[in-house]
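K.L.:
only geometry, no sequence info:
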DNA sequence: CGCCCCGTTGACCAGTATCAATCGAAGTGG
DNA sequence: CCACTTCGATTGATACTGGTCAACGGGGCG
């Protein structure tokens, strides 16, 4: 259903490619266009003076970049964190499709609901979890979203670097490194390369991500 | 337009009231209903073990509580922070209205876009601003949203207590108090009562909220 | 009148940021 | 092919913001 809707959007639009680090749109910029990702990974973020940056989402193949009110300015910047193929659809054509096809409209409302729920979840992570819990939640999120064909394996390839992870989780890169190091030390993860994560103990990782479990539950009690 | 759409929703639904602190729905609960606020203020939040809580939004009169995928469970809890009148509309009736009326569908997509942008903004605030900047942004947000009739006055009545503010901003109540105290000390705000904020220097407050200005730009440099 | 809750303030602590150095892999040029 | 450069990741030492714990104050209500 979502696939079909996105396919409808894409057959009306035109496709083009982006190199790694290319900026697709800049925060505050006008522009009545919608985009979908065909190939690669995009990053959505907002900036603050002093080089502060908050990543508010990643977009993988098959996803709509963002729902936008026609005539509005972009609330975020979007840039490619890998080489990408992106499909562009003018806002008006998008609008027409919504009005002519009720399935499209319903699907978009569902996608919007999912996106809102995802941002609420990210808020919980950024606002109320500690460093290790944030990293655990992050790895599991990317794992879920990139397991397109349920190949029940326990590996994740992170397309984003440590700076992007840090800015997604409201941390600094050094802090991200240390959290990874702790998870590796506890034998919950392995990191053959910085972008290659192997899940050694998924239940433990899930416990951390949901704040049920602490790295000190056992193991650092003096006389255990 | 949005008002007209919400009115359509409300005339189909049934209205009822909530007392302060009543729980409207609990996170994870099933329930195919949509709600709008007629009177009062609602709070949306998510919980974590250990009593940790993240508020992900407030709802004022005339607002839809949240867009929901039909058949899904609630991703958040909703409770009344003041006495409220709320309108309930079964998901199916909501669905029917969306399908029969393209204006409704378009308006809902616009509302969803706004909500997504608002959560992105909150993420920036929680992830990348310091205590004072968060409070400044918060006060201005509530000020904007409660100035329904552009009575160009500089007063805000906060319907939520310090705990709700803290949980919205990823802080503790003591920290919220201290930030208010600093803003009062700098003559940017006055606080006749804890819930009654008077904006004495809106430009300064906006500068802080956007991270352009620091409380130390002048005033705490040793020899100024 | 007194209790209780919420907000405020103070003293101290801890987790994360900051600053700095090092490591390692990938790319470049001799 | 190998030295050199570069950039991202990692690790260590220290600083600082916000959290924790505790006490106090004021207003509302029984």
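P.N.:
Cool, got the structure. It should be emphasised that the depicted structure is a prediction, and the values quoted were computed from it without experimental measurement.
K.L.:
The helix or strand containing residue A:164 and DNA strand D in contact?
P.N.:
Using DSSP states H and E, residue A:164 falls within helix A:162-169. Yes - against DNA strand D, helix A:162-169 shows contacts by Cβ under 7 Å from any atom of the strand at A:162-163. Every C-beta, even on glycine, is put in place using the N, C-alpha and C of the backbone.
K.L.:
Can you name every helix or strand that that helix contacts?
P.N.:
Applying 3 or more Cβ pairs under 8 Å, 6 or more residues apart in numbering or on different chains; DSSP states H and E, one finds that helix A:162-169 contacts strand A:52-59, helix A:102-128, helix A:131-146, helix A:173-185.
K.L.:
Go again with 7 Å.
P.N.:
Judged by 3 or more Cβ pairs under 7 Å, 6 or more residues apart in numbering or on different chains; DSSP states H and E, the packing partners of helix A:162-169 are strand A:52-59, helix A:131-146, helix A:173-185.
K.L.:
residues from chain A in reach of DNA strand D?
P.N.:
Contact residues (Cβ under 7 Å from any atom of the strand) of chain A with DNA strand D: A:161-163, A:173-174, A:176-178, A:180-181, A:191, A:194-195.
K.L.:
And the buried ones among the residues you listed, selectable in PyMOL?
P.N.:
In PyMOL, a selection of the buried entries from those looks like this (16 or more other Cβ atoms under 10 Å in any protein chain shown):
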select buried, chain A and resi 162+176+177+180
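K.L.:
who's in contact with the helix or strand containing residue A:96?
P.N.:
Assigned by DSSP H and E, residue A:96 falls within helix A:91-100. Residues from elsewhere that reach helix A:91-100, judged by Cβ atoms under 7 Å, 6 or more residues apart in numbering or on different chains: A:8-9, A:12, A:32-34, A:70, A:104-105, A:108, B:102, B:105-106.
K.L.:
Mind checking which of the residues you listed are buried?
P.N.:
Neighbour-count burial (16+ other Cβ under 10 Å) applied to the contacts of helix A:91-100 gives A:8-9, A:33-34, A:104-105, A:108, B:105-106.
K.L.:
Quick one, grab the pLDDT at the spatially most central residue of chain A.
P.N.:
Central residue of chain A (Cα atoms, centre = their mean): residue A:58, 2.9 Å from the mean position. What the model reports as pLDDT for residue A:58 is 98.
K.L.:
can you tell me how far it sits from residue A:78?
P.N.:
Distance check for residue A:58 against residue A:78: by Cβ to Cβ, to the nearest Å, it reads 10 Å.
K.L.:
what touches both of these two?
P.N.:
Taking Cβ under 7 Å, 6+ apart as the contact rule, residue A:58 and residue A:78 both touch residue A:42.
K.L.:
Which pair of the contacts of helix A:91-100 spans the longest distance?
P.N.:
Every pair in these was compared (Cβ to Cβ); the two farthest apart turn out to be A:33 and B:102, at 21.7 Å.
K.L.:
and the spatially closest residue to residue A:79 that is not a sequence neighbour, how far is that from DNA strand D?
P.N.:
Nearest residue to residue A:79, sequence neighbours excluded (Cβ to Cβ, 6 or more residues apart in numbering or on different chains): residue A:23, at 4.7 Å. Distance, residue A:23 to DNA strand D, by Cβ to the nearest atom of the strand, to the nearest Å: 15 Å.
K.L.:
Burial check on residue A:23, number of neighbours?
P.N.:
Using other Cβ atoms under 10 Å in any protein chain shown, the number of residues around residue A:23 comes to 11.
K.L.:
Kindly report the same for the one 4 residues further on.
P.N.:
Taking other Cβ under 10 Å as the criterion, the count of residues near residue A:27 is 15.
K.L.:
Check the residue lying closest to it once chain neighbours are set aside and give its pLDDT.
P.N.:
Spatial nearest neighbour of residue A:27, excluding adjacent residues (Cβ to Cβ, 6+ apart): residue A:77 at 4.4 Å. Predicted confidence (pLDDT) for residue A:77: 98.
K.L.:
hmm, back to that, what angle do helix B:102-128 and the helix holding residue A:164 make with each other?
P.N.:
If you take axes from the mean of the first three to the mean of the last three Cα atoms, to 10 degrees, helix A:162-169 sits at 110 degrees to helix B:102-128.
K.L.:
Which positions in helix A:162-169 come out as buried?
P.N.:
Under the neighbour-count criterion of 16+ other Cβ under 10 Å, helix A:162-169 has A:162, A:164-169 buried.
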